[in-house]
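> I would like to see how this sequence folds:
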Amino acid sequence: MSQHRQILTEDLLERIRERAPRYDAENSFFDEDLAELKEAGYLTAFVPEELGGAGLSLEEMTAEQMRLAGAAPATALAVNMHHVWVGVARVVRARGDHSADFILEEAAAGEVFGFGVSEAGNDLVLFGSASEARPDGQGGYSFHGTKIFTSLSPAWTRLGTFGADTTGEDGPHNVWGFVTRDGGGVEVKDDWDVLGMRASQSCTTVLAGAHAPADRVVRRIPPGPTMDPFIFGIFANFEILLASVYAGVARRAIDVAVARAHRRTSFKNGGAPYANDPDIRWRLADAALQLDGIYPQIAMIARDVDNQVDRGALWMPQLSAVKSRATEVALDVVTKAVRASGGASYSNSKELSRLYRDVLAGIFHPSDDESVHGAWANALLGPVVPWPPQDGN
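Next up is the predicted model:
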């Protein structure tokens, strides 16, 4: 990773690290973390300088998110969703479209953005919705449906969401808009009790008429894949920043395992530290080698988003690939760290136990492994054709 500007101080990260076990054990939200991150200017770090933020690039944000994830994975994952929306607005603005500038302005003013996109059983993800977007006749829409994995549930003040408008004569369209927490039509359920990433409090959100006025509706587009800058911005920032979080978790796991290897001694080898054991040395070196290949991939693809590089038809598959590779490698790396650290790491009181539970969440975020391979197969081989050929073709 190239030299980058930092917002998060080491003292702040250490305080956040100290609170993480308590949040996890209590299944509680990271209120103190969020307050300190706000005060430090971290929620405005990604906002352009001319609009009141620190103006960090996407590449710089990946580095900061890795550092935050190393201190508290669930805090980093939840804050990620706010940064994704700010990143989307940056992408749209950089391409001469100011329809999402209000996101940047409101983030600079202290609003916290949640990500209300995922739906149970909906593997279309960004390209189709089971929720309804009902027009109000004045360019605005009310949203009706149930969203899952809504990180920052206790704290968001603005929610980016979408639903299907099937009322128009031009066919169904996906409508993307932003609703406010205090605008009515929103129920946040207290239903987050999961294996890992517990402090993220990614609760179910029921939209029952939550309204986005015309000036908060940013897209009405046909369903299906598209390179519209708004959709590209979601895909790019979500996948890249998510990859960064899990890379940060993996890096922390190696650090913890290395420290453990120096403290842990071998009765068989006369009290020598396990850091001398050739099998432990090989396992941790193997983990570090795996992770070392992830950093430049994240940095390069983030830089290309910042610089508006045209990767053509490979953009979406490559964005999926960086997320998939980072989360799969992170899971393997943390597993190796646990193996190298002995049975004590199985205890809930140990950080590695929590890191192992947290890193498992990576496999559930879109794009999943199946869709990544499907996208790459289509890019390489083209779509599956009917066989045998029909009508003599």
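
> Going by C-alpha atoms from here, please, whenever you check contacts or count neighbours.
Noted.

> Buried residues of stretch 187-198, list them for me.
By neighbour count on 16 or more other CA atoms under 10 Å, the buried set for stretch 187-198 is Val188, Trp192, Gly196, Met197, Arg198.

> Identify the spatial nearest neighbour of the fourth one, chain neighbours not counted.
In this case it means Met197. Ranked by CA to CA, 6 or more residues apart in numbering and with sequence neighbours excluded, the top spatial neighbour of Met197 is Ala74, at 4.5 Å.

> Need the three-state assignment for the one you found.
Put simply, Ala74 is helix when judged by DSSP: H, G, I helix; E, B strand; the rest coil.

> wait, what's in contact with it?
Applying CA atoms under 8 Å, 6 or more residues apart in numbering to Ala74 gives the contacts Met197, Arg198, Ala199, Ser200, Asp358.

> now the strands for the stretch 201-350 of the chain?
With strands called from DSSP state E, counting those that start in this stretch, the stretch 201-350 of the chain shows them at 203-212, 217-221, 265-266, 272-273.

> Please name the strands paired to the longest one in the sheet, noting orientation.
Read it as strand 203-212. Strand 203-212 pairs in its sheet with strand 141-150 (antiparallel), strand 186-188 (antiparallel), by DSSP bridges.

> For Lys38, which of those strands is the nearest?
Closest to Lys38 of these, according to CA to CA: strand 141-150, at 19.7 Å.

> Please state the mean pLDDT value computed over that closest one.
Averaging the model's pLDDT scores along strand 141-150 yields 98.

> rewinding a little: with the buried residues of stretch 187-198 in mind, which one is nearest to Met66?
Lowest distance from Met66 to those (CA to CA) belongs to Met197, with 15.2 Å.

> so the closest one makes contact with Phe364?
No. Using CA atoms under 8 Å as the test, Met197 is too far from Phe364 to be in contact (11.9 Å).

> I figured Ala130 was touching Gly145, is that so?
Yes. Contact status for Ala130 versus Gly145: in contact at 7.1 Å, counting by CA under 8 Å.

> shared neighbours, those two?
Contacts common to Ala130 and Gly145, judged by CA under 8 Å, 6+ apart, are Gly163.

> show me the contacts for Arg357.
Taking CA under 8 Å, 6+ apart as the criterion, Arg357 is in contact with Leu195, Gly196, Met197.

> Could you list the domains of this protein?
Split into domains by automatic domain parsing, the chain comes to 10-108, 113-221, 229-381.

> Quick check: end-to-end length of the shortest one?
End-to-end distance of domain 10-108: 24 Å, with CA to CA, to the nearest Å as the criterion.

> likewise the last one?
End-to-end distance for domain 229-381: 26 Å, by CA to CA.

> tell me the contacts of Arg216?
Going by CA under 8 Å, 6+ apart, Arg216 touches Gly140, Gly177, Phe178, Val179.

> Correct me if wrong: the first one contacts His211.
Yes. Under the criterion of CA under 8 Å, Gly140 makes contact with His211 at 7.3 Å.
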